[in-house]
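J.: Sequence and predicted structure below; questions after.
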Amino acid sequence: MSQENIQPIILSEGQATPEDLKQLREAQTIWKESDVFESQLRELFEITHPTLIGTGEYEKQRTIFIQEHTANQEKQLKGSWVYFPWSGRLVHMLSKDEYTLLRTNRNRNLITQEEQKKLLDFCVGIVGLSVGSNVATALTYGGIANTIKLAEFDTLETTNLNRIRARVDQIGIEKIDITAQQVYEANPYAELHFFSQGVDKTMLSEFVVGEPKPKLIFEIIDSFEMKIHLRNLAREKRIPVIMVTNLGDRVLMDVERYDLDKNIEFFNGRAGRVPYDM
């Protein structure tokens, strides 16, 4: 699948017109169209006007709020229209900032707004998209890492379905495509960067150091040689690495805080003496 087909087409308020939407409908195959814009506006009003809840003014003010956000839609796009090429779905929804506010709202009792913004602006790199695909979607649903670098060369096999959330009709499709689709379907505004050949010695520097530079790397790969090369560079650039390894009946996690200490041994020294250069 070409890269343009694993990215949604977004027509945003203030940047696109009703004519653009008409042309998109004519040019693309649309299997299902959903309009959740007003439903999301009702949710948005509730979380931004909590003092009105339970008062006689609530319904009146909410109606005014929705009318203000939906007026003149025939002349000006409101919110965003998002088209997902892989499923043929077209969705009318909130614009980026409003959608971000709404979908992270229930994190407020867990973290502050400042912490939420810091986590959302966080760039994460994920190498290996079997277990790593679940890391990517979990971060997305949690409102963390709007920017993600994804590295994976492999395609989905039936035996992967014990650890990858995917459909049986997706067997043979590239794991990076499946992961990207799942991320975009939860957050169409995500900024994804693709390394569809995985990372080898020639691409590693671009993945670790190239912009946008990840502030954290999840390493979930089999190649011991690439584990070493990745750690060499991550430690040099003071980027922490989290390793997740499937051991059959259990999972091993290792956290290497190179951002705090450049002298930490690879695998925190638990792998014994390992070569620093291979």
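T.: Received it, and whenever you're ready, just let me know what you need.
J.: Tell me where the protein has strands.
T.: Per DSSP state E, the chain carries strands over the ranges 9-12, 32-35, 80-84, 89-93, 123-127, 147-151, 191-195, 216-219, 241-246, 251-256.
J.: Can you tell me the closest non-neighbouring residue to Thr260?
T.: For residue 260 the amino acid is Leu, not Thr. Leaving aside its chain neighbours, Leu260 sits nearest to Pro240 (7.8 Å; criterion: CB to CB, 6 or more residues apart in numbering). Heads up, the C-betas are built off the backbone N, CA and C, glycines and all.
J.: Dihedrals phi and psi, the one you found?
T.: Per-residue torsions, Pro240: phi -70, psi 150 (degrees, to the nearest 10).
J.: confidence score at it?
T.: Model confidence at Pro240, given as pLDDT, is 97.
J.: Next, work out how far apart it and Glu74 are.
T.: With distances taken as CB to CB, to the nearest Å, Pro240 is found 51 Å from Glu74.
J.: Who has more neighbours out of the two?
T.: More neighbours surround Pro240 than the other of Pro240 and Glu74, with 17 against 7 (other CB atoms under 10 Å).
J.: what residues are up against Asp121?
T.: Asn146, Thr147 (CB atoms under 8 Å, 6 or more residues apart in numbering).
J.: Could you list the low-confidence segments of the protein?
T.: The model of the chain has pLDDT under 70 over residues 1-5, 275-278.
J.: all helices for it, in order.
T.: Listed in chain order, the helices of the chain (DSSP state H) span 18-27, 37-48, 58-70, 96-103, 113-120, 131-141, 175-186, 204-208, 224-236.
J.: Which one, of the ones you listed, ends up nearest to Pro8?
T.: helix 175-186 (5.3 Å; CB to CB).
J.: Show me what that closest one is packed up against.
T.: Applying 3 or more CB pairs under 8 Å, 6 or more residues apart in numbering; DSSP states H and E, one finds that helix 175-186 contacts strand 80-84, helix 131-141, strand 147-151, strand 191-195.
J.: need these in a markdown table with mean neighbour count and distance to Asp254, can you?
T.: Listed next are the helices and strands packed on helix 175-186 as a markdown table, based on neighbours: other CB atoms under 10 Å; distance: least, CB to CB, whole Å:
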| stretch | mean neighbour count | distance to Asp254 |
| --- | --- | --- |
| strand 80-84 | 22 | 36 |
| helix 131-141 | 19 | 14 |
| strand 147-151 | 24 | 19 |
| strand 191-195 | 18 | 22 |
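J.: could you redo the ones you listed as TSV and give each row distance to Thr55?
T.: Formatted as TSV, the helices and strands packed on helix 175-186 follow (distance: least, CB to CB, whole Å):
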stretch	distance to Thr55
strand 80-84	31
helix 131-141	33
strand 147-151	40
strand 191-195	40
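J.: Of the ones you listed, which is nearest Glu256?
T.: Minimum separation from Glu256 across the helices and strands packed on helix 175-186 (CB to CB) falls at helix 131-141, 16.0 Å.
J.: Can you dump the C-alpha atoms of the closest one in PDB for me?
T.: Provided in PDB are the C-alpha atoms of helix 131-141 (Å, rounded to 0.1, in the frame of the first residue of the first chain):
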ATOM      1  CA  VAL A 131       4.000  -5.900  20.300                       C
ATOM      2  CA  GLY A 132       5.000  -2.400  19.200                       C
ATOM      3  CA  SER A 133       1.700  -1.900  17.400                       C
ATOM      4  CA  ASN A 134       0.000  -2.100  20.700                       C
ATOM      5  CA  VAL A 135       2.400   0.400  22.200                       C
ATOM      6  CA  ALA A 136       1.500   2.900  19.400                       C
ATOM      7  CA  THR A 137      -2.200   2.600  19.800                       C
ATOM      8  CA  ALA A 138      -2.000   2.700  23.600                       C
ATOM      9  CA  LEU A 139       0.000   5.900  23.400                       C
ATOM     10  CA  THR A 140      -2.600   7.400  21.000                       C
ATOM     11  CA  TYR A 141      -5.600   6.500  23.100                       C
END
